[in-house]
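Student: Here is a sequence with its predicted model. Questions after.
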Amino acid sequence: MTTTVLEGLSASARGVVHRGAKSCDCAGATVLADRHDGTVVRHGDIVAKAHAPDADRSELAVRTAVAAHPALAGILLPPLAIPGAELHGRAVSFWPHGTPVDPEAPDEAPWEQAATLLARLHRTPTAQLPGPVPQMRGPVKAALAVARMRKAGPHPAAAPVEGAWSTLPAWARAEAPMPHATTLCHGDLHLGQLVRHPTPGGAWLLIDVDDLGLGAPAWDLARPAAWYAAGLLDPDAWTRFLGAYRAAGGPAVPADGDPWPALDTAAQALTVQTAALAIAKSRAESRELDDVELAVVHACDRIAALPPQLAPGAPK
């Protein structure tokens, strides 16, 4: 991200915090994220986000309006009632700042709360929402990750990732419409997408609506499922997450019994996505894959080696 964009975004956040004020004695803006798909800065209790350059403006407007709708109160962090802006051709939105999950306290990770929020999101009636609600972008992000890996150039770990990718059905590769795409989904669920509401003792809320839309709810459970399958998520955490989702009436999996027939395809797609991004980043940083990244690549190797009758989308 160029300094010009960061400075402009910081000035936008400052302008919202100090509307009408001629001077500001508080600390400057803090960069919370600076990636190719979005830049986020905080100034005081305001967060300003510059969305991806290629973000569809009309779809983003609907997604933001959905987050502000009363039906999503207590589920999604609502945007501030401030007209959207533009910065160097990128849409900018404004949000209240919330306290994120502490990455240094994994035992305190709010897996149950995340699962309950997902179940409530998935049970939201969509007919009353602003629309038309776009499609959830999960499969698109997986396809973009694979494209990014390929653009980065040859890598010895790419073969199992490509092999696993080739086993996925067309909809999971964003090459065909997602089946049964009638549920409101987050599209990019991980613990970094939760913050505590900016009030003392506030509840956890979901953030980041860039991939929000109608889709198959299993996709929102896919990342923790993939981590568990790859040995990266403690079995107790996975059990608590899945149990809380079921207890809250989440529709992505049966209320009891084996959840994996419903989760396999999405979890394998997220495994490929994670491995592809790891390879692309390692090449960009001229470094070897670390142990966690290698675990995900090895999981892709296992996916690619599945017998055809067990591959995602195969008749059961």
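Tutor: Alright, I've got the coordinates. Residues are numbered from 1 along each chain as shown.
Student: and residue 224, what is it in contact with?
Tutor: Contacts of residue 224 were listed using C-beta atoms under 8 Å, 6 or more residues apart in numbering, and they are 111, 189, 190, 233, 237, 238, 241. No exception for glycine: its C-beta is placed from N, CA and C like everyone else's.
Student: Can you pull the domain assignment for the chain?
Tutor: By the assignment in automatic domain parsing, the chain contains the domains 3-96, 106-310.
Student: Among the ones you listed, show me which one is buried the most.
Tutor: Highest mean neighbour count among the domains of the chain (mean count of other C-beta atoms under 10 Å): domain 106-310, with a mean of 19.
Student: I figured residue 215 hits residue 183, correct?
Tutor: Yes - the criterion here is C-beta atoms under 8 Å, and residue 215 meets it with residue 183 at 6.5 Å.
Student: re earlier: least reliable of the domains of the chain going by mean pLDDT?
Tutor: Note on these: lowest mean pLDDT is at domain 3-96, with a mean of 80.
Student: now that domain, how far from the chain's geometric center?
Tutor: The chain centroid and the centroid of domain 3-96 are separated by 17 Å under C-alpha atoms, centre = their mean, to the nearest Å.
Student: Kindly report the same for stretch 170-184.
Tutor: The answer for stretch 170-184 is 16 Å, by C-alpha atoms, centre = their mean.
Student: how about the CA coordinates for that stretch, as CSV?
Tutor: Output in CSV follows, covering the C-alpha atoms of stretch 170-184 (Å, rounded to 0.1, in the frame of the first residue of the first chain):
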residue,chain,number,x,y,z
ALA,A,170,-16.8,-26.7,-10.1
TRP,A,171,-18.9,-24.7,-7.7
ALA,A,172,-16.1,-24.8,-5.0
ARG,A,173,-13.6,-23.5,-7.6
ALA,A,174,-16.0,-20.6,-8.5
GLU,A,175,-16.6,-22.1,-11.9
ALA,A,176,-20.3,-22.8,-11.5
PRO,A,177,-23.1,-21.4,-9.2
MET,A,178,-23.0,-22.6,-5.6
PRO,A,179,-25.8,-25.0,-5.0
HIS,A,180,-28.5,-24.2,-2.4
ALA,A,181,-27.1,-20.7,-2.1
THR,A,182,-30.0,-19.3,-0.1
THR,A,183,-28.5,-18.8,3.4
LEU,A,184,-26.9,-15.5,4.6
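Student: how close does residue 214 get to residue 282?
Tutor: Look at residue 214 and residue 282: by C-beta to C-beta, to the nearest Å, they are 34 Å apart.
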